[in-house]
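> sequence first, predicted coordinates after that:
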Amino acid sequence: MTIASYEGVSATSLGLPATAAIPEAKGHLPVQVFTTRPPISSRLKQHFATKVESIVMLSLLSPGTTGLADGVRCHEILVMAVGLKSEDLPVDVLEHIASLRSSGIIFACIHPSKGETVCTMGLRRALPTRPGHQQEYGMHLGQTQTISQTALQVTGSTMDDLWDSLGAQIILGTIDGNDLDQRIARRERISGLLDQESKLARDHGRAKSTQDRNTIYAKLHKVRNELEKLQTE
């Protein structure tokens with residue numbers, strides 16, 4: 001069987017089981033599939049038309065194709081190649097595609113960069129939500145890599161384990177999917193604090209009065225203390 005691929009990226013090139021590969025004849029999905037139902041905004045439709053070259057299903061990871069037990073939160077994972085016309089990654093396009101499926105989707109975004117074809121992996125993940133509140137989601141993109149560097153590892157004993165591990169592989173660069181939501185939140189908090197630290201340091205250098213400098217320094221000291229604590233945990 002010839003398996004589906006796009007620009008050299010396929011289930012097996014990613015390190016996924018051959019049993020989970022989509023046949024070439026069934027892999028290609030017309031872009032119009034995602035722009036007709038449900039109705040979408042003219043802006044999003046334009047992004048599909050101007051930014052997306054091709055959409056190809058590469059792999060369907062499930063208990064039957066991986067040998068893992070079914071999960072409580074995750075029952076199957078679709079791995080999809082999204083060929084892009086430029087280096088710009090249309091997050092709104094990926095979010096829309098992911099919203100059309102109740103199961104997880106891993107995106108392999110294939111795009112040009114500095115004269116070569118590269119891949120940026122991504123996924124949409126449910127955010128921790130209190131009972132009774134509407135479920136919200138966050139779109140995450142990994143590090144851009146060459147085609148030959150791009151790989152995923154099937155690990156864990158259940159589909160829930162696999163979904164968390166794939167999220168960790170893409171977002172954090174590790175196969176360990178334990179406590180993933182908390183680790184993502186910690187990383188994002190550190191990123192936000194680093195931005196605050198940079199801004200406060202600039203403001204401190206520009207402050208014209210001793211009172212302003214002292215006020216800003218107090219804020220800067222607080223941010224640096226929290227950063228140090230988070231970075232050493």
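Perfect, thanks for sending it. Numbers count the residues shown, from 1 in each chain.

> OK, contacts around the closest residue to Leu180 other than its chain neighbours?
Spatial nearest neighbour of Leu180, chain neighbours left out: Asp164 (5.0 Å); criterion: CB to CB, 6 or more residues apart in numbering. For the C-beta atoms, the positions are set from N, CA and C on the backbone; glycine is no exception. Taking CB atoms under 8 Å, 6 or more residues apart in numbering as the criterion, Asp164 is in contact with 156, 177-178, 180.

> now do Asp164 against Thr12, distance only.
To Thr12, Asp164 is 23 Å away according to CB to CB, to the nearest Å.

> of the contacts of Asp164 - the most surrounded one?
Highest neighbour count within the contacts of Asp164, by other CB atoms under 10 Å: Gly177, with 21 neighbours.

> how close does that residue get to Ser102?
20 Å.

> which residue sits closest to His47, ignoring its sequence neighbours?
Using CB to CB, 6+ apart, the closest residue to His47 is Pro90 (4.8 Å).

> surely the one you found is in contact with Ala49?
No. In this structure, Pro90 is not within contact of Ala49 by CB atoms under 8 Å, at 10.8 Å.

> strands along this structure, start to end?
Here the chain has its strands, by DSSP state E, at 5-6, 9-10, 28-29, 52-61, 77-84, 104-113, 116-126, 137-146.

> all helices of the protein, in order?
Ranges of helices in the chain, per DSSP state H, are 24-27, 42-51, 63-66, 91-99, 159-171, 180-206, 210-232.

> mean neighbour count, those helices: which tops it?
Neighbour counts averaged per stretch over the helices of the chain are highest for helix 159-171, at a mean of 22; criterion: mean count of other CB atoms under 10 Å.

> any idea of the angle that one forms with helix 180-206?
Computed by axes from the mean of the first three to the mean of the last three CA atoms, to 10 degrees, the angle separating helix 159-171 from helix 180-206 equals 20 degrees.

> what angle sits between helix 159-171 and strand 52-61?
140 degrees.

> any chance of the strands of the chain in TSV, with mean pLDDT and mean neighbour count too?
Shown next, in TSV, are the strands of the chain (pLDDT from 0 to 100; neighbours: other CB atoms under 10 Å):
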stretch	mean pLDDT	mean neighbour count
strand 5-6	97	20
strand 9-10	97	23
strand 28-29	96	14
strand 52-61	98	22
strand 77-84	98	23
strand 104-113	97	21
strand 116-126	96	19
strand 137-146	94	15
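
> can you list these in TSV and add distance to Arg202?
TSV is the format used below for the strands of the chain (distance: least, CB to CB, whole Å):
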stretch	distance to Arg202
strand 5-6	44
strand 9-10	42
strand 28-29	47
strand 52-61	39
strand 77-84	35
strand 104-113	30
strand 116-126	30
strand 137-146	28
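
> brilliant, that's me finished.
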